[in-house]
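# sequence first, predicted model second:
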Amino acid sequence: MKLNIILAVFSLTFMFGCSATPLSVNLEAGAKDIVVKDTKPVGSYEVLTPVIVSNGRGCRDFGYLGTHENAMNALKNKTKELNGDYAQITSITKPHLDGGCYDNEYKIMALIYKKSDPKLNVAKNTANNSDEEIFTKKMRELKSLLDDGVLTKDEYNTQKAKLLEQGFNTK
């Protein structure tokens, strides 16, 4: 009889202890200033890397239910860790029913950007490369962004047209 009571208390503690306590994510120093939006940043930014962050885990009562707030905090912390200034959310997966299990994970996929100074980039490129080399490098970078899925075909064509319009000076 005592064994049955002990097992019942242990089982209830395990079940409710796992589901009742959220995985809280606190913002690290400096992370609160990170800008997070679902659009590309305006101005001069360079893409650092894509990331995936999540909050929550497990199935139904066996795990922790993720929240939007904690996942956003995790995204800001990750952006700060990577020395980024801006995170563009590309997709969000909320906790959901997955087959016979309610998946507790709240997942955010994003692109991390860092603000760049276009004057420094132009000066550095001009000092090291000819105009033709700079033009070729920019065209290759643009194509790489398209291939990596960072740019859509329309965005690629717009940027390509701008580069072709600017052209390069032959010597």
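Nice, thanks for sending it over.

# what does Gly43 show for phi and psi?
phi 110, psi -160 (degrees, to the nearest 10).

# number of nearby residues for the residue nearest to it when sequence neighbours are not counted?
By the measure of C-beta to C-beta, 6 or more residues apart in numbering, the closest residue to Gly43 outside its immediate chain neighbours is Lys115, 7.0 Å from it. In short, each C-beta sits where N, CA and C put it, glycine included. Neighbourhood size, Lys115 [other C-beta atoms under 10 Å]: 13.

# which strand residues bridge Lys115?
Judged by DSSP bridges, the bridge partners of Lys115 are Tyr45.

# show the pLDDT at it.
Listed pLDDT for Lys115 reads 93.

# pretty sure it contacts Asp85?
Yes: with contact defined as C-beta atoms under 8 Å, Lys115 counts as touching Asp85 (4.8 Å).

# now the common contact residues for the two.
Pro41, Tyr45 (C-beta atoms under 8 Å, 6 or more residues apart in numbering).

# in this structure, which spans are strands?
35-37, 45-55, 57-59, 62-64, 86-93, 96-98, 101-103, 106-115 (DSSP state E).

# elements contacting the first one?
Applying 3 or more C-beta pairs under 8 Å, 6 or more residues apart in numbering; DSSP states H and E, we find strand 35-37 packed against helix 68-81, strand 86-93.

# so which bits of the first one are buried?
Within helix 68-81, the residues that qualify as buried are Asn70, Ala71, Met72, Asn73, Ala74, Leu75, Lys76, Asn77, Lys78, Thr79, Lys80, counting by 16 or more other C-beta atoms under 10 Å.

# contacts only, for the nearest residue to Tyr106 once chain neighbours are set aside.
Of all residues not flanking Tyr106 in the chain, Gly66 sits nearest, at 3.2 Å (C-beta to C-beta, 6+ apart). Shown in contact with Gly66 (C-beta under 8 Å, 6+ apart): Pro22, Leu23, Ser54, Asn55, Gly56, Arg57, Pro95, Asn104, Glu105, Tyr106, Lys107.
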